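> here is the input, now give the coordinates:
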Amino acid sequence: MIEEARRRARRRRHAYLAAAVAAVVAVSVWAILASAGSGPGSKAPPGFTIVKAQGPVAHAVLRYDTGAWRSTDVATGLDRPAKTAEEIWYDRKTGLWRDVFRIDGRVKSELSGRCTPSPERLPCGADFPLRYLEPYPLPPAGYREAGRGSFRGHDVVWLEPREGLRTPANVSVSRLGLDPKTRRILVAQSFHRGRLAGALVVSQGPDLAATGVHFVITSRRSVPVTPHADFDPWSGLVYGYGFPAARPTLGRPPLWLGPRFRGYALRSVTSGVYRPLPGDGRAARPMPFVRFYYGDGPIIGIEELGRSRPYFQKQGPRPGSVERTGMTLARLSRGGLVLRVATDLRFPLTAKNAVALAHALRPLPPGLNTLPTLRQQ
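This next block holds a predicted model:
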């Protein structure tokens, strides 16, 4: 179901960032590295100021080897795993942090914030993703030490759930590999029914010197960031219904699948805006969207974003490809628009179905104002 797809999207963001922002006070950080143009010689945008890190700044790259993300070439149908990586920074003295998630090198999401530093706790009381920057607490709750081994040439101490790796159906567990010296997590492996299902590999070097890192933060009074556990990436404020409202929303004609696609009739067309979170680091201007829903349920939902996008859709996939997540979520770029697709399993997003959907997209005709199948509220 579409609603289930939305719940999965919320759970994914929760897994990566929810605990990291549970105690966040927003600072609207949108740049961090001096080498990226945020150094003392750079000029801050209106309403922002450049703050030098107090350091040391922890930095890590998380690479996901789960098979959850795939990329399908629209022209050839060639399907391959997509490379996914998450990069995080954390200034221990100021509590400033930044998180960037990339798929095939494209920035899908970027968000930053500030938490209250504490020498006794993980940053922000973190679970994901900032937990990977600090030593893992020992003895671990719910885990047992399962001996020493190696992973990709690194010595590791393996931690396994106390009940073991073999689990009932539809239950997955994780095994952690810690660096014996630093106790930081080097790998987190997921097991299903005792078999390896995927892994998260953490690359972390020495802390960065404070002299090389700067943050760009808002000059305005801080306000709380909405926790990601409560944030629905298919939310937004809907203000318009039907073709006439949707047509001018994105500054160019939106794309649709026609009155009917694979037997599913177009049931709803809505327009609206997202509002940026404080940690998004941009001016509080609305970010418009258009949505098309096909079939009862609906079966297929398509959301389209223009040049101004929320933090969780900074860049779309490279044109000519469809990025798929599981069997119910996909994204693609077309003519300056980023399209998000969510389906239920009556129309699974296999590589073949994703290509068929991409080929069926075309601009909304200028003279069309309504259809008999539309339900406008």
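
> which other residues reach stretch 246-261?
Contact with stretch 246-261 is made by 240, 265-266, 269-271, 288-290, 292, 294, 300, 302, 304-307, 334-337, 339, 357, 360-364, 366, 371, 373, as judged by CB atoms under 8 Å, 6 or more residues apart in numbering. All C-beta spots, glycine's among them, are computed from the backbone N, C-alpha and C.

> quick one: pLDDT of A146?
If you check A146, the pLDDT there is 88.

> now do the helix or strand hosting it: distance to the chain's middle.
Secondary structure assignment for A146, by DSSP states H and E: strand 143-151. Distance of strand 143-151 from its chain centroid, counting by CA atoms, centre = their mean, to the nearest Å, is 30 Å.

> now do stretch 321-340
Mean-position distance between stretch 321-340 and its chain equals 13 Å (CA atoms, centre = their mean).

> next, the distance between the ends of that stretch.
13 Å (CA to CA, to the nearest Å).

> name the residues of the strand holding A146 that come out as buried.
Applying a neighbour-count criterion of 16 or more other CB atoms under 10 Å, one finds 143, 146 buried in strand 143-151.

> same deal with stretch 266-276?
Within stretch 266-276, the residues scored as buried using 16+ other CB under 10 Å are 266-274, 276.

> where do the helices sit along the stretch 201-350 of the chain?
If DSSP state H, counting those that start in this stretch is used as the criterion, the helices of the stretch 201-350 of the chain fall at 243-246.

> just for the stretch 1-150 of the chain, where's the confidence low?
Segments of the stretch 1-150 of the chain classed as low confidence (criterion: pLDDT under 70) are 1-49, 117-128, 139.

> all strands of it, in order?
Under the criterion DSSP state E, counting those that start in this stretch, the stretch 1-150 of the chain contains strands at 48-52, 57-65, 69-73, 79-81, 84-91, 96-103, 106-114, 143-151.

> and the stretch 151-300 of the chain, by the same measure?
154-161, 172-178, 185-192, 195-204, 214-218, 237-241, 255-256, 260-261, 264-274, 287-294, 300-305.

> in CSV: those, plus mean pLDDT and distance to T76.
Putting the strands of the stretch 151-300 of the chain into CSV (pLDDT from 0 to 100; distance: least, CB to CB, whole Å) gives the following:
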stretch, mean pLDDT, distance to T76
strand 154-161, 91, 38
strand 172-178, 87, 33
strand 185-192, 90, 31
strand 195-204, 90, 27
strand 214-218, 64, 42
strand 237-241, 90, 37
strand 255-256, 98, 21
strand 260-261, 97, 22
strand 264-274, 95, 26
strand 287-294, 96, 26
strand 300-305, 97, 23
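
> let me have the ones you listed in a markdown table, extended by distance to M327.
Output for those, formatted as a markdown table (distance: least, CB to CB, whole Å):
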| stretch | distance to M327 |
| --- | --- |
| strand 154-161 | 28 |
| strand 172-178 | 17 |
| strand 185-192 | 16 |
| strand 195-204 | 16 |
| strand 214-218 | 39 |
| strand 237-241 | 27 |
| strand 255-256 | 22 |
| strand 260-261 | 17 |
| strand 264-274 | 17 |
| strand 287-294 | 17 |
| strand 300-305 | 13 |
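
> for the ones you listed, which one sits closest to G67?
Between G67 and the strands of the stretch 151-300 of the chain, the shortest gap by CB to CB is with strand 195-204, which sits at 6.3 Å.

> that closest one pairs with which strands?
Using DSSP bridges, strand 195-204 pairs in its sheet with strand 57-65 (antiparallel), strand 185-192 (antiparallel).

> if we can go back for a sec, what is the strand holding A146 packed up against?
Counting contacts by 3 or more CB pairs under 8 Å, 6 or more residues apart in numbering; DSSP states H and E, strand 143-151 packs against strand 154-161, strand 172-178.

> give me whichever of those is most buried.
Among these, strand 172-178 has the highest mean neighbour count (mean count of other CB atoms under 10 Å), at a mean of 19.

> who's in contact with that one?
Taking CB under 8 Å, 6+ apart as the rule, strand 172-178 contacts 136, 140, 143, 146, 149, 151, 154, 156-161, 163, 165, 167, 184-192, 197.

> compute the inter-axis angle for that strand and strand 143-151.
On the basis of axes from the mean of the first three to the mean of the last three CA atoms, to 10 degrees, strand 172-178 is oriented at 60 degrees to strand 143-151.

> and strand 172-178, which strands flank it?
Sheet pairing of strand 172-178 (DSSP bridges) gives strand 154-161 (antiparallel), strand 185-192 (antiparallel).

> picking that back up, which one of the strands paired with strand 195-204 lies nearest to V107?
strand 57-65 (13.8 Å).

> in the closest one, what's buried?
57-62, 64-65.

> list the contacts for W158?
145-149, 175-178.

> what pairs with the nearest residue to F292 once chain neighbours are set aside across the strands?
Using CB to CB, 6 or more residues apart in numbering and skipping residues adjacent in sequence, the residue nearest F292 is I302, 4.7 Å away. Assessed by DSSP bridges, I302 has beta-bridge partners F292, V341.

> against G316, how distant is I302?
Taking CB to CB, to the nearest Å as the measure, I302 falls 13 Å from G316.

> shared neighbours of those two, anything?
By CB under 8 Å, 6+ apart, the residues touching both I302 and G316 are L339.

> L196 touches A188, doesn't it?
No: judged on CB atoms under 8 Å, L196 makes no contact with A188 at a distance of 11.7 Å.

> those two: which is more packed in?
Shown here are L196 and A188; by other CB atoms under 10 Å, A188 has more neighbours (19 against 12).
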